[in-house]
Every structure is written in structure tokens, then in C-alpha cells.
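K.L.:
following is a predicted model, sequence given first.
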Amino acid sequence: MGHRAIIDYPRRELLAVLPSPFHLLTRASARWGRGRRIWCKRDDLTGSLLTGNKVRKLEFIAAEALDAGYSVLVTAGALQSNHCRATAAVAAQLGLRCELILRGEEQELSGNYLLSKMLNADITYVSKATTGDEMTTHLVSAEARWASRGEKALTIPIGGSDETGIWGYISAVEELAVDMARCDLQRTAIVHATGSGGTQAGLNAGVLVHDVPADVISYAVCDDEAYFNEKAQQDWDNLRAKRSDLPTKPIKTQTVDSYIGPGYGRAGSEVFDTVTELAALEGIALDPVYTGKAFHGLIADLEAGTFRSDASDIIFVHTGGVFGIFPHASAVKAALDSE
């Protein structure tokens, strides 16, 4: 394994339960691995309300907010956004106000939406058709609105995906390198779901910075390969512009956009079949929005012989999202009934 660089990380708030567990999925490997071993990095166990990948990013974002004297965290996403729920939890833990700008309209409480309400976030509803650029405009307006009340609001991009949030998974790769060494893994493929690009940027940057022998394969849950490759590279370029001590090389991104299905937040029956089967095999719950699509894409590519790495050990980064399965209970039931 390559030599891991010594990195001067920015300050972080210690919010996550780390390091997250890392273990071999023995039965899943036998079922789907086709001679390869499938391991799991359990970032779904980074906390309770702060479960998932978002808290790794928010540790650095929250530290920046506190150090700069912000009193409000404002972010945006879908009604069942994991990132929005995690941001609301961070704000509550740190004694800050929180505003969430959510695509959708007020409806029956469930999943992340229920938790965001419980965490006392102020919620502003916008059309489901609101674009990313329009969301940015809403964030800017919210910042001005809070300022008019004498409050200093930090606007956090969708998914916490920017040059600050990227540090979360640069540091996670350093953690993964320790896991790999402990389990004597020489070269791996790191697989994960990508929805806003920040985790993807961080994993690819971390592999580069820490000289870890791994291919990062990112399964898109929305948008397309070109978008994510450009977004991840832009996050890395923005970070390098602030840090002259980082490598000047571009990151190497590999995005698979073949398993998005009906669209963001929606999944076909094959994804629910995978979710229910893995739960029965390994006691691990995936969600149909992010991790379920990524894991289904992984095993489909292994079966078809189209997986983009020849590494014999595959690390699936479980980025959380378990609360997102509850609004899809009827589809889960249909998958269970079909077994």
C-alpha cells in the first residue's frame, strides 16, 4: 500500500461516531461476488439522527460556522433529504437555528421529513420542479432574510457538497486505509452512491492525497456521468485553489449512470428486491433512493461482467439513508410478497 500523506485538516466538530465499522459481507460475497469479496464500510453507523455520510461533511462545515459566528444553518433538498435531516440535527446539537428549503409540499409526516420537523427546523416549501440554480437563489434569499432579523446565516449547498464538505471523505479515506491494512487488502474498488457529488469528490481526492491503491466507482442516483465527473472535479479544484499543499493532479472519477431508473427518489422493483434480499442475508438495511440503487448497480455489473475495476476486493461504502425507506413501505412489502 502506498505511503499515506500527512494532511493538515481544517478544524472539525466531533459529531460522528468514528471510525465506522468495516467488515466482510460473507454471504453477500458468496451470493453476488463471482469470486470477489465484498466488504462494507458502515457509515450508516456514524450516529443515530446523524447516521450516514452527511455528518462527515457537516463536521467541517459546522466548525466553520461556529468559528465565523453564524447563528443559523440554511440548506436545501428534497422533502426526504438525508442531508437536510442531518443539518437540522447538527443545528439542534450545537444550539443553532436551522432553515430547510424543501422541494415539495406539506404532507403526512414520515422518515427524514418527520425527523426534520421534530428537530424544530424552519421549513420553506418550493416546487418539486425547482432547479439547482433556482435552489441557489432561494438560499441567497434566505440568507438575506435572516440578516434582516439580525441573524448571521450560513447557506450550505445541497448535500453539503463543496470544497469544505469534501474534507469529510478525504479524511474517511485515511480511515479506510487503516481498515485495508488491518484486513491485508492490497488493492480495492471503492463503490458508493452519488447524488450531489461531494462524497464522490472526497473519496477520489482522498485516494489521491493518501496514495491509496483503489479505484473509486460512483453509482449515480440522478443526473448523468458527465455532470458528476465535472462536479467532483470542480469541488477538488475549488479546494486546491485554497490549499497550495495539496496535489496539483486532477482526480480520477468513474461514474456509472446506468441504474438511475425512473428518476431521483424513485426506484424499480429490482432495487427493492435487492434491498430486501441484502437485509435478509446480512442484516443491513439499504434505502431505495441512494444505497439500494448503488448496491443493485454493483451486483448487476458483477453479474454482467461490466464492473469497472478488476480488483478482487470491493468496498461498498454504506452512506446511510435508512430513514428514507419508510416512505416506500408499500414497495418494500411488494418485494417481500414476491419472494
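P.N.:
Arrived safely, thanks for sending.

K.L.:
helices along the stretch 1-150 of the chain, start to end?
P.N.:
Ranges of helices within the stretch 1-150 of the chain are 26-32, 54-67, 82-94, 111-118, 132-148, based on DSSP state H, counting those that start in this stretch.

K.L.:
the longest one packs against which elements?
P.N.:
Spelled out, it's helix 132-148. strand 72-78, strand 97-103, strand 122-126, strand 153-155 (3 or more CB pairs under 8 Å, 6 or more residues apart in numbering; DSSP states H and E). In this view, the C-beta of every residue, glycine as well, is placed from N, C-alpha and C.

K.L.:
any low-confidence regions in the stretch 1-150 of the chain?
P.N.:
1-5 (pLDDT under 70).

K.L.:
circling back: got the helices and strands packed on helix 132-148 as a markdown table, with distance to residue 274 columns?
P.N.:
Below are the helices and strands packed on helix 132-148 laid out as a markdown table (distance: least, CB to CB, whole Å):
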| stretch | distance to residue 274 |
| --- | --- |
| strand 72-78 | 22 |
| strand 97-103 | 26 |
| strand 122-126 | 32 |
| strand 153-155 | 36 |
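
K.L.:
quick one: closest of these to residue 196.
P.N.:
Proximity to residue 196 (CB to CB) singles out strand 72-78 among these, at 8.5 Å.

K.L.:
centre of the chain versus that closest one, how much separation?
P.N.:
Relative to its chain's centre, strand 72-78 lies at 16 Å (CA atoms, centre = their mean, to the nearest Å).

K.L.:
so which residues make contact with it?
P.N.:
Residues outside strand 72-78 that contact it (CB atoms under 8 Å, 6 or more residues apart in numbering) are 62, 65, 83-84, 87, 90-91, 96-104, 135, 138-139, 142-143, 146, 151-160, 264-265.

K.L.:
and for stretch 255-263?
P.N.:
194, 200, 217-225, 228-229, 267-268, 271, 293-294, 296-297, 300-301, 308.

K.L.:
drop anything exposed from those.
P.N.:
By neighbour count, with 16 or more other CB atoms under 10 Å, the contacts of stretch 255-263 hold 194, 200, 217-223, 228-229, 267, 271, 293-294, 296-297, 300-301 as buried.

K.L.:
among the residues you listed, which ones are in strands?
P.N.:
194, 217-220 (DSSP state E).

K.L.:
excluding chain neighbours, what is closest to the residue minimising distance to the centre of the chain?
P.N.:
By CA atoms, centre = their mean, the mean C-alpha position of the chain lies nearest to residue 53, the distance being 4.5 Å. Excluding the flanking residues, the one nearest residue 53 by CB to CB, 6 or more residues apart in numbering is residue 319, at 3.8 Å.
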